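**Student:** build the 3D model from these lines:
(4 chains)
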Protein chains: 4
Amino acid sequence: MGALLPVGPVKVIVDLCVVPIGVGVRLAPYVAACQKVLREAGLTIRLHPNGTAIEGEWASVFAAIEACHQALHAMECPRIFTTVTINTRTDKVQSLDDKLASVQALL
Amino acid sequence: MGALLPVGPVKVIVDLCVVPIGVGVRLAPYVAACQKVLREAGLTIRLHPNGTAIEGEWASVFAAIEACHQALHAMECPRIFTTVTINTRTDKVQSLDDKLASVQALL
Amino acid sequence: MGALLPVGPVKVIVDLCVVPIGVGVRLAPYVAACQKVLREAGLTIRLHPNGTAIEGEWASVFAAIEACHQALHAMECPRIFTTVTINTRTDKVQSLDDKLASVQALL
Amino acid sequence: MGALLPVGPVKVIVDLCVVPIGVGVRLAPYVAACQKVLREAGLTIRLHPNGTAIEGEWASVFAAIEACHQALHAMECPRIFTTVTINTRTDKVQSLDDKLASVQALL
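**Tutor:** Numbering: from 1, shown residues only, chains lettered A, B, ... in the order given. Next up is the predicted model:
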C-alpha cells in the first residue's frame, strides 16, 4: 500500500441527496435552494439527476450540508431526509473529475 | 393530488454505487465492468463521479444490478457493498433528463 | 482469499429505508405497511430506528421491496424515495445475527 | 402544519455505515473501532446489523464521524466509503426510541 500521506484537514468527496418531506411532491425548488447554498460555500459541485457530487474539506462540506437543512427548514419544510455518501483516502489525492475519468478511461 | 396513474410495470429512477471489498483500493476496473453490464441490459444510464443514474422498469433494473454483483464475484471479488436509491412516482412520468432539467431551470 | 463458494441464487443482506413523499410528515403508517409486506414475504427482518435489515435471496428480497412500493402507491402515496444498501459475499455465509455478533464480540 | 419550533443547534438522527476499503474482507475490527469513537463522543447510539443509529446535535455527530475516518486511516486503512442518512425535523422533537416506537405501535 506504500506510505500514507500526512494527515491534515480531511479532504472528502461526497454525494448528497436532500429530500424535503411534508411539502408535497414538487421538490425541485428545494433542491435548487440547496444548490445555491453549496455554490455560495465555494465548494466544487456537480449536479446529476439523483443528487450532487461535492469535493472539499470535511468541515466546510458538512457545514454547507447543515446550511442546506437550515435553508429548507426556513422555507417551512418541516422534515428532511438526506442521504450522503462519503469518500476519503490517504493513498492519493483525487478530485471529482479524476474519479470520473478513472472509470471512463476503461470504457 | 389528483388521480393516480394506472399501475403497470413499475418504472424506476435509481442511483447505483457498487463498492468491491477485498480487492485493494483500485476500484475503477470493477466500476467499468458494471457499466458494461448495465449498457448490455439496454438501460438508460448516466455515469457521474459517485455512481450511475439509471432509468428503466423495476424488474430489468434490479436484474441488471444482480448481474453486476455476479460479474464482480466472477472477477474474484469476494465481497461487495452497494448503495441504491430508488425513486418511483404515480403522479407523472419523469425521465432522468426531466429530473435534472427541473432543477436546472431554477438555477 | 481461498476458493470462492459455488454461485447459486445470490444471498443478500440488505438495509431498507422507504420514505413516502407527498403524504405529510407522519410516515409511521407507511413504514408499518412495508413491515407487513416484508413479513408476508417470509423474509428474515430486523426493524431498527432508521430502517429494516433484511436477509434473503436476491430475487425474493427485491420482489418484496417492489411490493412495498406498490402497497404505498395503493395507499395513495404519489412519490416514494427509498434507500437500499446491499451486501453480498462469496467467501462465507453470513446471517444478520452473525454480522451483528462479529462486531459485538469486539466491544 | 402549525408553527415551527424555534431553531437552535440542529438536532439530527443519523444512520451510519462505514466501509473500509483496501484492508481485506474482515471489517468487524474497524466497525468496532468506530463504535468506540462514537461512544467516547457521548452520543446516543444503537448498533444494528447494517450500521449504527445515532442521535445528537449536528456538529457533534459529524465531528464524531470525521473522527471515525481519522481513526480508521490511523489503523492503516487507505480508503473509506461511508453512507449516512440524516433526519431533521422542526415539527417535533423525536428520539431514536420514539422513532422506533412510532412504527412498532402499528404492528
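**Student:** for stretch A:81-95, buried residues please.
**Tutor:** A:F81, A:T82, A:T83, A:V84, A:T85, A:I86, A:N87, A:T88, A:R89, A:T90, A:D91, A:Q94 (16 or more other C-beta atoms under 10 Å in any protein chain shown). The C-beta positions use only the backbone N, C-alpha and C, and glycine is treated the same way.
**Student:** for stretch A:30-45, same thing?
**Tutor:** A:Y30, A:V31, A:A32, A:A33, A:C34, A:Q35, A:V37, A:L38, A:A41, A:L43, A:I45.
**Student:** let's see which of those end up in strands.
**Tutor:** Counting by DSSP state E, the buried residues of stretch A:30-45 place A:I45 in strands.
**Student:** determine which two of the buried residues of stretch A:30-45 are furthest apart.
**Tutor:** A:Y30 and A:L43 (18.2 Å; C-beta to C-beta).
**Student:** which stretches of chain A form strands?
**Tutor:** Going by DSSP E, chain A shows strands at A:11-21, A:44-48, A:51-57, A:79-89.
**Student:** what's the angle from the shortest one to strand B:11-21?
**Tutor:** Yep, that's strand A:44-48 we're talking about. Going by axes from the mean of the first three to the mean of the last three C-alpha atoms, to 10 degrees, strand A:44-48 is angled at 130 degrees with respect to strand B:11-21.
**Student:** quick one: strands adjacent to strand A:44-48?
**Tutor:** Strand A:44-48 sits in its sheet next to strand A:51-57 (antiparallel), going by DSSP bridges.
**Student:** chain center to stretch A:91-101: distance?
**Tutor:** Distance of stretch A:91-101 from the chain centroid (C-alpha atoms, centre = their mean, to the nearest Å) equals 15 Å.
**Student:** can you give me the end-to-end span of that stretch?
**Tutor:** Start-to-end span of stretch A:91-101 (C-alpha to C-alpha, to the nearest Å) is 18 Å.
**Student:** try stretch A:44-53
**Tutor:** End to end - C-alpha to C-alpha - stretch A:44-53 spans 8 Å.
**Student:** mean confidence for that stretch?
**Tutor:** Throughout stretch A:44-53, pLDDT has a mean value of 98.
**Student:** chain center to that stretch, what's the gap?
**Tutor:** The answer for stretch A:44-53 is 7 Å, by C-alpha atoms, centre = their mean.
**Student:** what distance do you get for the residue lying closest to A:A33 once chain neighbours are set aside to chain D?
**Tutor:** Excluding its sequence neighbours, the residue lying closest to A:A33 (C-beta to C-beta, 6 or more residues apart in numbering or on different chains) is A:A71, at 5.3 Å. A:A71 is 11 Å from chain D, where distance means C-beta to the nearest C-beta, to the nearest Å.
**Student:** just A:I54 next, same as before
**Tutor:** For A:I54, the distance to chain D equals 13 Å [C-beta to the nearest C-beta].
**Student:** so how far is A:P20 from that residue?
**Tutor:** To A:P20, A:I54 is 19 Å away according to C-beta to C-beta, to the nearest Å.
**Student:** equivalent analysis for A:T52, please.
**Tutor:** 15 Å.
**Student:** try A:D98
**Tutor:** Distance, A:D98 to A:P20, by C-beta to C-beta: 32 Å.
**Student:** more crowded one of those two?
**Tutor:** Neighbour count, other C-beta atoms under 10 Å in any protein chain shown: between A:D98 and A:P20, A:P20 has more, with 25 against 13.
**Student:** who touches that one in this structure?
**Tutor:** Contacts were defined as C-beta atoms under 8 Å, 6 or more residues apart in numbering or on different chains; by that measure A:P20 touches A:L27, A:Y30, A:L72, A:C77, A:R79, A:I80.
**Student:** which of the residues you listed count as buried?
**Tutor:** A:L27, A:Y30, A:L72, A:C77, A:R79, A:I80.
**Student:** for A:V19, what are its contacts?
**Tutor:** A:L27, A:I80, A:F81, A:T82, A:T83, C:V19, C:I21, C:F81.
**Student:** and if we set it to 7 Å?
**Tutor:** A:L27, A:I80, A:F81, A:T82, C:V19, C:I21, C:F81 (C-beta atoms under 7 Å, 6 or more residues apart in numbering or on different chains).
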